[in-house]
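Asker: 3D model of this:
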Amino acid sequence: MRASSEPYAVGVVLAAGVGSRVGADGNKAYLQVGERAMVAWSLDTLAEVADIARIVLVYRQGERGLAEDTVAREVPTAAVEFVEGGASRHASERNVLKYLAPDIEAGSIDVVLIHDAARPVAGRDMFVSAVSVARGFGGAIPALPLPDVVGSAGRIDPSRRTERLVRVQTPQAFRAAALLQAYRAADRQRFEGTDTSSCIEAFTDLEVHTFAGDQRNIKVTYARDIAVAEHLLADRVSSNPDAGSR
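Answerer: Prediction:
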C-alpha cells in the first residue's frame, strides 16, 4: 500500500457503540448527519491526511455488512480496514491493537490515532496535529480549557480558575509500541480504562501532551446535537466545496 519504508501512522475510527441517548434504535455512527452517515465524515477527513497511511473502522459485533456497505457507498475512494469491536471502548481498542500488533512490533507503525465516530466535525488540522504531537512527545490529546469552577455553594467561582481543568476530545494519538504495551499490561492487570489516555497513564511513562481542541468538534450525544453538527458541517462544505464529496 505504501511505496515508502518509513514508519507510518494508522487512523482508527471507533463505531462500535450504541445511540440510546441520541434516540437511535441502533448504532448512532450510521445516523444521517448532513445527508450522509455520521461515521463517513471522519473517514473522509482521515483520507485527506497524508501522514495517515491506513484507516481502520472498528464496527459493532454483527454490523460488518453495515460498515462495509456504508464505506462502499459513501467513502468509495478510501481504503478502509475493518475490525470487530468489543463490549466496551477499552475492549474495542484492545481488539484493534491486537489486529495491528504484527506491524507495530515490526516497527512499520509508529503512531496510532484513535477517534470517535460521534465527533464528525473534527477537521483535518486536528488529525495532523495529533499525529505530529504524538511523534514529537509520545502522546497527544486535544483539550479545551474549563475556565470556571463550581464552588461548594453551587456557584461559579472565577477565583478558582485553573489551567489544569480541561475538557478532552478526540482524536487522540500515541506512539504505537507504547500503546500496545499499555493494553497488554492492562489485560494482565484486568484494568479497563475510560479512554485511551487513561490506559497509557496507568501503564507507561509516555509523555502525553495536550494540543488545542476545537469548540466546533462536538460529540453527538443527544438528538439536538445532530442539528448542530449539520450546521457546522454545512459551513465547512460551503467554504470547501470538495469536502464531503468523495
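
Asker: lowest-pLDDT helix or strand in this protein?
Answerer: Sorted by mean pLDDT, DSSP states H and E, the helices and strands of the chain end with strand 156-157, the least confident at a mean of 50.

Asker: touching the helix or strand just after that strand from outside, list them.
Answerer: The helix or strand immediately downstream of strand 156-157 is strand 166-168, counting by DSSP states H and E. By C-beta atoms under 8 Å, 6 or more residues apart in numbering, the residues outside strand 166-168 that reach it are 141-146, 195, 197, 210, 213. Bear in mind the C-beta positions are built from the backbone N, C-alpha and C, glycine included.

Asker: just the helices in the chain please.
Answerer: Assigned by DSSP state H, the helices in the chain fall at 38-46, 64-74, 89-105, 124-137, 176-189, 196-203, 223-239.

Asker: would you reformat those as a markdown table and include distance to Leu113 and mean pLDDT?
Answerer: What follows is the helices of the chain, written out as a markdown table (distance: least, C-beta to C-beta, whole Å; pLDDT from 0 to 100):
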| stretch | distance to Leu113 | mean pLDDT |
| --- | --- | --- |
| helix 38-46 | 8 | 98 |
| helix 64-74 | 18 | 98 |
| helix 89-105 | 11 | 97 |
| helix 124-137 | 6 | 98 |
| helix 176-189 | 10 | 97 |
| helix 196-203 | 10 | 93 |
| helix 223-239 | 20 | 91 |
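
Asker: any idea which of those is most buried?
Answerer: Neighbour counts (mean count of other C-beta atoms under 10 Å) averaged over each of the helices of the chain peak at helix 38-46, with a mean of 26.

Asker: just want the angle from it to helix 124-137.
Answerer: Helix 38-46 runs at 60 degrees relative to helix 124-137, counting by axes from the mean of the first three to the mean of the last three C-alpha atoms, to 10 degrees.

Asker: what's helix 38-46 packed up against?
Answerer: Contacts defined by 3 or more C-beta pairs under 8 Å, 6 or more residues apart in numbering; DSSP states H and E place helix 38-46 against strand 8-15, strand 52-59, helix 64-74, helix 124-137.

Asker: can you redo the ones you listed as TSV, where the extra columns are distance to Asp44?
Answerer: Converted to TSV, those look like this (distance: least, C-beta to C-beta, whole Å):
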stretch	distance to Asp44
strand 8-15	11
strand 52-59	10
helix 64-74	8
helix 124-137	10
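
Asker: how about these, which one is nearest Asn95?
Answerer: Nearest of these to Asn95, taken as C-beta to C-beta: strand 52-59 at 7.0 Å.

Asker: what's the closest one packed up against?
Answerer: Here strand 52-59 touches strand 8-15, helix 38-46, helix 64-74, strand 80-84, helix 89-105, going by 3+ C-beta pairs under 8 Å, 6+ apart.

Asker: got a list of contacts for the longest one?
Answerer: It refers to helix 89-105. With contact meaning C-beta under 8 Å, 6+ apart, helix 89-105 is reached by 10, 12, 14, 16-17, 56, 58, 81, 83-86, 109, 112, 114, 176-177, 179-180, 183, 186-187, 192-196, 199.

Asker: how about the shortest one?
Answerer: By C-beta under 8 Å, 6+ apart, the surrounding residues in contact with strand 80-84 are 16, 43, 54-61, 64, 67-68, 71, 95-96, 99.
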